[in-house]
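> following is a predicted model, sequence given first.
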Amino acid sequence: MSATAITIGDPLTEHEVSREKLEDIFGDICEHPLYDHELHGCLNCGICTATCPSAHYFDYSPREIVQLLWTENLEGIYDAMQEKIWACAQCYTCAARCPFGNSPGGLVSILREVSIKHGMQSAKDVLRPFSRVMLKLITTGNQLAPNMITPDHFADWGPNISKIDAPLQVLRKAVPMPTMHTTDTAWVVNLKTSIELYTIWEESGVLDQLETIDENLFDVIIDIMDEKREEYEDWLDEQDDD
Ligand code: SF4
Ligand code: SF4
């Protein structure tokens, strides 16, 4: 271990990270545009943890996360990013209850973004099972067609979903877009829209982050984007010819 490195965690999972790296990570957290909106101070009162559903089931406490950030405990923040931040369900009950107007759930969201930016193993492990969802989302702009949103596909909705399922069917049909009604057409996206979408992913750095997290998925998506762009160029050429 170098003179500036710090060892965190128990002997089985310990990892080393330099002071520089810790400061780099904390810098990215503080520079996030939402950071100052989500953290205003902390009384350490624990109201957020008392109302947090995830705290009931996991070794996780939003109060602890907020305290780590508020006290600028860089080692503790890094340690929490290895596992604990992924226990948050992003329900934002905590944000509605905090007397300081903090949003612990929002802070967790920032920590997740930064963990992706730094290619942390925890982010790779958590996101790997969602690669098919990410593929659909990034290449088509959506991952579900409304007619896929049924109790059969989402068993965890429980039996009471039938009470709202019927109105949902009516609401879906009320949306005046043919693409909203079938699985077949929901993933057929206007070519120009696709190209604009890809440009947004590129310019916003989403693709760079994806490459950090999952290189194989990144390659597949780049191939699809190249194909679509060629198709679009051909279509433009045809318009010129006409
Ligand atoms: S957003 Fe996260 S931290 Fe806040 S109450 Fe919900 S699960 Fe807990
Ligand atoms: S974040 Fe808010 S609710 Fe949670 S411990 Fe701090 S002051 Fe209390």
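Structure received. Ligands and ions are numbered 1, 2, ... in the order given.

> when you work out contacts or count neighbours from here on, use the C-alpha atoms and nothing else.
Noted.

> can you spell out which helices and strands pack onto the biggest helix by length in the chain?
Scanning the chain for the helix with the most residues, using DSSP state H, yields helix 215-241. With contacts taken as 3 or more Cα pairs under 8 Å, 6 or more residues apart in numbering; DSSP states H and E, helix 215-241 sits against helix 131-140, helix 191-203, helix 206-213.

> nearest to ligand 1 among those helices would be which one?
With Cα to the nearest ligand atom as the measure, helix 131-140 is the member of these nearest ligand 1 (21.9 Å).

> what sits up against that closest one?
142-143, 187-189, 194, 197-198, 201, 217, 221, 224-225 (Cα atoms under 8 Å, 6 or more residues apart in numbering).

> which of those residues are buried? Put it as a PyMOL command.
To isolate the buried members of these in PyMOL, using 16 or more other Cα atoms under 10 Å:
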select buried, resi 143+187+194+197+198+201+217+221+225
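
> tabulate the contacts of helix 131-140 (TSV), appending distance to ligand 2.
Shown next, in TSV, are the contacts of helix 131-140 (distance: Cα to the nearest ligand atom, whole Å):
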residue	distance to ligand 2
142	34
143	34
187	41
188	44
189	42
194	40
197	36
198	37
201	33
217	37
221	39
224	43
225	42
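
> domain boundaries for the chain, per the record?
Per automatic domain parsing, the structural domains of the chain span 5-118, 127-241.

> quick revisit: can you mark which positions in the longest helix of the chain are buried?
For helix 215-241, by 16+ other Cα under 10 Å, it's 217, 218, 221, 225, 228, 229, 232.

> can you give me how far the host helix or strand of residue 56 is from the chain middle?
Assigned by DSSP states H and E, residue 56 belongs to helix 53-57. The chain centroid and the centroid of helix 53-57 are separated by 20 Å under Cα atoms, centre = their mean, to the nearest Å.
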